[in-house]
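[1] after the sequence you'll find the predicted model.
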There are 2 protein chains.
Amino acid sequence: MASVSNSIGPSARRWRRYGSGVPVTILPVEGLPEVQPGDDLAHLIHHRSDLGDGDVVVITSKIVSKAEGCAIELSEVEPSSFAERWALQWEKDPRLVEVVLRESARIVRQVGPVLITETKHGFVCANSGVDQSSSGGHDRVLVLPADPDASARKVRRRFAELGVDVAVIITDTFGRPWREGQTDVAIGIAGLQPLHSYIGQTDPHGHEFRVQEMCVADELAAAGELVKGNTSRVPAAVVRGYDWIPDDNASMAAVIRDSSRDLFR
Amino acid sequence: MASVSNSIGPSARRWRRYGSGVPVTILPVEGLPEVQPGDDLAHLIHHRSDLGDGDVVVITSKIVSKAEGCAIELSEVEPSSFAERWALQWEKDPRLVEVVLRESARIVRQVGPVLITETKHGFVCANSGVDQSSSGGHDRVLVLPADPDASARKVRRRFAELGVDVAVIITDTFGRPWREGQTDVAIGIAGLQPLHSYIGQTDPHGHEFRVQEMCVADELAAAGELVKGNTSRVPAAVVRGYDWIPDDNASMAAVIRDSSRDLFR
């Protein structure tokens, strides 16, 4: 069970500065049951971890989707003729293709059997993040949470009710251009800002840093994956010792690049 | 000082399986001096960390470049007319632009003042990874190591001579399409394969995983950045508790996507 602090607030915490040379530990949350619609994720995780104030809880989106009832029965999906034609051409399930298209705001690339889309949230990934493998049935697929920031905020609030002040990051596994292999990235966040800015700071030689903003949310997501693995047995991890400044205005909106700044739309 | 094991070899280690639910700890390597050409990085890091067999040492490329003498004096660079024209248009130093072009195999995007290139190694990043901020002088720039895998192998071999069997990852800080903020990624590796494959494995429901290959090298690089920060004070980190299978054929070549498979060239 978590060690619950009596006084939770900035005064009770000792936040360390970013990159301060303090070890960071990534702990798996083990023994979580198969998540069902309506489950209280914060309660399930809190019960199986020794959470403390200042921890960052990294949660795989698939269990958030399951708790929020984001499963779709393919038998209830009527594919469009566009979905039908493309599915036929590439030997895909037209109902699955239809769900991918419905979850997308825009198709970024459609080359051969590969469909890279921009999701309704603004994330660019394969197949709008629609997941057949984790859905618990061949005729059921999982879609991403409708508003992952809101999901993260809800879980963070629930953790606070349970007595711990933690940040929450919801992750998914995305590919990327130019590099093989996927990595876990953040799709929802609560409590900590996803970007850490160095703008205006100078190095010991007086130069401005070449690096302007680090996406610490994605680095925390990636770190969490190192203990979670992708076998769906360990869908949550706790990052301890990482310094963050509580900010309840945090949102992944800061990470979604505006199309005017994007060279690869 | 490191605790040196007497017998180093697969039989002496207890490698855990990936995602096995064991905590991973990321430790900063503090107190490193300003690195000079010819410095022995393994010795410098070994002296300031409690390294053990199975650790992964994550090293910022800038100190590898410094140790290998990859600084270029801009006063000795003769810009081409192409570099001159573009630098004039966007108020850049034409000699710096010339170095960026020399370090590139191909220009991927050149829009306004932004220059995204494919480096000689095959990595796609801004300005071919050329760094003015960390070079120790306004008229000097640092370029990436000529062969980061070879650099990593050399450092790993040197660690072995000092008595520890560790993997080595050399990192740089890259931006990415669609998402704001940069993250640390791997550019050189030794001892562990950069990709962890799930191909052919199935989940508890019998489905093949949607995730096929995780780029654990990039996730380890990102995790290391959480304690390094980008202030150049902590240019190395040790990842402890992460499971890897020793493989001296490891190379970042596996991560560089072949142009035939790339939708965003």
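    Thanks, I have it.

[2] which element is the residue nearest the centre of chain A on?
    In chain A, the centroid-proximal residue (C-alpha atoms, centre = their mean) is A:Thr171; its distance is 2.0 Å. A:Thr171 belongs to strand A:167-176 when assigned by DSSP states H and E.

[3] check which helices and strands that strand sits against.
    strand A:56-60, helix A:61-67, strand A:124-126, helix A:148-161, strand A:179-190, helix A:216-228 (3 or more C-beta pairs under 8 Å, 6 or more residues apart in numbering or on different chains; DSSP states H and E). Heads up, the C-betas are built off the backbone N, CA and C, glycines and all.

[4] note down every partner strand of it and its orientation.
    When pairs are called by DSSP bridges, strand A:167-176 turns out to pair with strand A:56-60 (parallel), strand A:179-190 (antiparallel).

[5] give me the contacts around the shortest one.
    Going back to what we said before, that points to strand A:56-60. Residues from elsewhere that reach strand A:56-60, judged by C-beta atoms under 8 Å, 6 or more residues apart in numbering or on different chains: A:29, A:41, A:45, A:49, A:51, A:155, A:159, A:166-172, A:184, A:192, A:220-221, A:223-224, A:228, A:232, A:235-240, A:242, A:244.

[6] so where is the stretch 151-265 of chain A shaky, pLDDT-wise?
    Across the stretch 151-265 of chain A, the ranges flagged by pLDDT under 70 are A:202-211, A:230-232.

[7] distance of the residue in it positioned nearest to chain B from A:Ala237?
    Per C-beta to the nearest C-beta, the residue of the stretch 151-265 of chain A with the smallest distance to chain B is A:Gly229, at 1.7 Å. According to C-beta to C-beta, to the nearest Å, A:Gly229 and A:Ala237 sit 10 Å apart.

[8] when those two are compared, which one has more neighbours?
    Between A:Gly229 and A:Ala237, A:Ala237 has the larger neighbour count (other C-beta atoms under 10 Å in any protein chain shown), namely 33 against 23.

[9] the more buried one contacts A:Glu30, doesn't it?
    No: in this structure, A:Ala237 is not within contact of A:Glu30 by C-beta atoms under 8 Å, at 10.0 Å.

[10] still on that earlier bit, now the strands paired with strand A:167-176 as CSV including mean neighbour count and distance to A:Ile199?
    CSV is the format used below for the strands paired with strand A:167-176 (neighbours: other C-beta atoms under 10 Å in any protein chain shown; distance: least, C-beta to C-beta, whole Å):
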stretch, mean neighbour count, distance to A:Ile199
strand A:56-60, 27, 23
strand A:179-190, 26, 20
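
[11] count the residues that sit near A:Gln120.
    Quick fix: residue A:120 reads Lys, not Gln. 16.

[12] from A:Ala105, how far out is it?
    In terms of C-beta to C-beta, A:Lys120 sits 5 Å off from A:Ala105.

[13] same check on A:Pro28?
    34 Å.

[14] between these two, which has more neighbouring residues?
    Between A:Pro28 and A:Ala105, counted using other C-beta under 10 Å, A:Pro28 has the larger neighbour count: 25 against 14.

[15] my read: the more buried one touches A:Val234, true?
    Yes: with contact defined as C-beta under 8 Å, A:Pro28 counts as touching A:Val234 (4.6 Å).

[16] compute the number of surrounding residues for A:Arg157.
    Per other C-beta under 10 Å, the neighbour tally for A:Arg157 reads 15.

[17] and if you look at A:Ser197?
    13.

[18] mind putting the helices and strands packed on strand A:167-176 into a markdown table with distance to A:Arg265?
    Formatted as a markdown table, these follow (distance: least, C-beta to C-beta, whole Å):
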| stretch | distance to A:Arg265 |
| --- | --- |
| strand A:56-60 | 28 |
| helix A:61-67 | 24 |
| strand A:124-126 | 9 |
| helix A:148-161 | 22 |
| strand A:179-190 | 18 |
| helix A:216-228 | 20 |
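
[19] and A:Leu142, which of the ones you listed is closest to it?
    Closest of the helices and strands packed on strand A:167-176 to A:Leu142 is helix A:61-67, at 4.7 Å (criterion: C-beta to C-beta).

[20] following element in sequence after that closest one, please.
    Next along from helix A:61-67, by DSSP H and E: strand A:71-73.

[21] what lines up beside that following strand in the sheet?
    Using DSSP bridges, the strands paired with strand A:71-73 are strand A:140-142 (antiparallel).

[22] tell me the residues of the stretch 51-200 of chain A that contact chain B?
    Residues of the stretch 51-200 of chain A found near chain B (C-beta under 8 Å from any C-beta of the partner chain) are A:109, A:111, A:114, A:116, A:118, A:123-124, A:131-138, A:173, A:176-185, A:194-196, A:198.

[23] mind checking which of the residues you listed are buried?
    A:116, A:118, A:123-124, A:131-136, A:173, A:176-185, A:194-196, A:198 (16 or more other C-beta atoms under 10 Å in any protein chain shown).

[24] and A:Ala222, what does it touch?
    A:183-185, B:183, B:218-219, B:222-223.

[25] farthest pair within these?
    Among these, A:Val185 and B:Ala223 lie farthest apart (C-beta to C-beta), at 13.6 Å.

[26] how much space between the residue nearest to A:Val164 when sequence neighbours are not counted and chain B?
    Distance criterion C-beta to C-beta, 6 or more residues apart in numbering or on different chains; nearest residue to A:Val164, sequence neighbours excluded, is A:Leu51 at 4.6 Å. Using C-beta to the nearest C-beta, to the nearest Å, one gets 14 Å for the distance from A:Leu51 to chain B.

[27] number of nearby residues for A:Leu51?
    Neighbours of A:Leu51 (other C-beta under 10 Å): 26.

[28] hmm, it is touching A:Asp165, no?
    No: with contacts counted by C-beta under 8 Å, A:Leu51 stays clear of A:Asp165, the gap being 9.6 Å.

[29] which residues are in contact with both of those two?
    Joint contacts of A:Leu51 and A:Asp165 (C-beta under 8 Å, 6+ apart) are A:Phe159.

[30] report pLDDT for A:Glu68.
    Note on A:Glu68: pLDDT of 98.

[31] gap between it and A:His121?
    For A:Glu68, the distance to A:His121 - C-beta to C-beta - is 14 Å.

[32] these two: which is more packed in?
    Taking neighbours as other C-beta under 10 Å, A:Glu68 and A:His121 compare with A:Glu68 leading, 24 against 20.

[33] returning to that earlier point: tell me which of the contacts of A:Ala222 is nearest to A:Arg85?
    Nearest to A:Arg85 among those, with distances taken as C-beta to C-beta, is A:Val185, at 31.6 Å.

[34] thinking the closest one is in contact with A:Ile170, fair?
    No: with contact defined as C-beta under 8 Å, A:Val185 does not count as touching A:Ile170 (10.2 Å).

[35] on that earlier part again, partners of the residue nearest to the centre of chain A in the sheet?
    A:Thr60, A:Ala186.

[36] for it, which residues are in contact?
    A:58-61, A:184-187, A:221, A:224-225.

[37] need the contact list for A:Val155.
    A:Val155 neighbours (C-beta under 8 Å, 6+ apart): A:41-42, A:57, A:59, A:64, A:168, A:190.

[38] can you do 10 Å?
    A:40-43, A:45, A:57, A:59, A:64, A:67, A:166, A:168-170, A:188, A:190-191 (C-beta atoms under 10 Å, 6 or more residues apart in numbering or on different chains).

[39] much appreciated, bye for now.
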